[in-house]
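*Asks:* I need the structure of the sequence given here:
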Amino acid sequence: MDFHLARIDDVNLRLLHLLQENGRISLAELAQKVGRSETTVRERVSALELDGLVLGYQAHVDWARIGLPAHAILRGRCSADKVTQLAARLRRMPHVTGAYFLTGPKPVFAMLRVRDMQHLHSILREELAGGELTDIEAEVTLETLVEERPPNLAPVPVVDLLGKAALNATSTNPAPVAPARSLAPSSQSL
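*Replies:* Sure, this is the predicted structure:
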């Protein structure tokens, strides 16, 4: 039986969003932003960590100032029996910032940080040529339209499907149906 310490409610979703925006935010500031006591927020954040919803904290680095201003996107093919080897190769490559296996004709999608086109070309030639990834397409971003960010999740509203079905099954002039009750946990503190 799974034992979960954290529940997903409005407050915890807000805490997750705030922690993703700034992993170094103080408990006092978190408490002020979500309208709860510092003790309650400490308990909620601990529960989110213990339950595995918060996996860690990281710094946001300005890679352009370090000399890697360009984002490169790679797409390519890989036979199913070589995906594990390709994943290991991509993990060893220091400039790869993310890689995914997708659906579609070119299911390998990888993101890199590079200095310029020549740097990308050398990575393709020296680290990927003749390997598991074939039919490679490489692109370099011209402009960032939306910075990488956490999703802003809102709780999913509970829909009273039975009430709506009952409403639809009645005559053209139905009696009013009471609003659906939320089955979500209360948004009060712990």
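*Asks:* Apart from its neighbours in sequence, what residue is nearest the residue positioned nearest the centre of the chain?
*Replies:* Central residue of the chain (C-alpha atoms, centre = their mean): Pro150, 5.8 Å from the mean position. Spatial nearest neighbour of Pro150, chain neighbours left out: Gln20 (3.5 Å); criterion: C-beta to C-beta, 6 or more residues apart in numbering. Yep, even glycine has a C-beta here, placed from its N, CA and C like the rest.
*Asks:* Now do the contacts for the nearest residue to Leu133 once chain neighbours are set aside.
*Replies:* Computed as C-beta to C-beta, 6+ apart, the closest residue to Leu133 that is not its neighbour in sequence is Gly76, at 4.4 Å. Contacts for Gly76 were tallied using C-beta atoms under 8 Å, 6 or more residues apart in numbering; they are Lys106, Val108, Leu133, Thr134, Asp135, Ile136, Glu137.
*Asks:* before we move on, what about Ile123?
*Replies:* Going by C-beta under 8 Å, 6+ apart, the list of residues near Ile123 reads Met93, His95, Leu112, Val114.
*Asks:* Which of the three states applies to it?
*Replies:* Here Ile123 takes the helix state, with states given by DSSP: H, G, I helix; E, B strand; the rest coil.
*Asks:* if we can go back for a sec, just send the contacts of Ile123 back as CSV, with neighbour count and pLDDT too.
*Replies:* Formatted as CSV, these follow (neighbours: other C-beta atoms under 10 Å; pLDDT from 0 to 100):
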residue, neighbour count, pLDDT
Met93, 14, 96
His95, 17, 95
Leu112, 24, 97
Val114, 21, 96
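*Asks:* In those, find the pair that's most separated.
*Replies:* Among the contacts of Ile123, the pair separated by the greatest distance (C-beta to C-beta) is Met93 and Val114, at 11.2 Å.
*Asks:* How confident was the prediction at the residue nearest to Leu133?
*Replies:* According to the prediction, Gly76 has pLDDT 97.
*Asks:* So it versus Leu145, what's the distance?
*Replies:* Going from Gly76 to Leu145 by C-beta to C-beta, to the nearest Å gives 24 Å.
*Asks:* what's around Glu29, how many residues?
*Replies:* By the measure other C-beta atoms under 10 Å, the count of residues near Glu29 is 14.
*Asks:* re earlier: helices or strands next to the host helix or strand of the residue nearest to Pro150 in the packing?
*Replies:* Gln20 belongs to helix 10-21 when assigned by DSSP states H and E. Contacts defined by 3 or more C-beta pairs under 8 Å, 6 or more residues apart in numbering; DSSP states H and E place helix 10-21 against helix 27-34, helix 38-50.
*Asks:* I'd like to know which of these lies nearest to Leu128.
*Replies:* Nearest to Leu128, of all these, is helix 38-50, at 37.2 Å by C-beta to C-beta.
*Asks:* mind listing what's buried in that closest one?
*Replies:* For helix 38-50, the neighbour count (16 or more other C-beta atoms under 10 Å) marks Thr40, Val41, Glu43, Arg44, Val45, Ala47, Leu48, Glu49 as buried.
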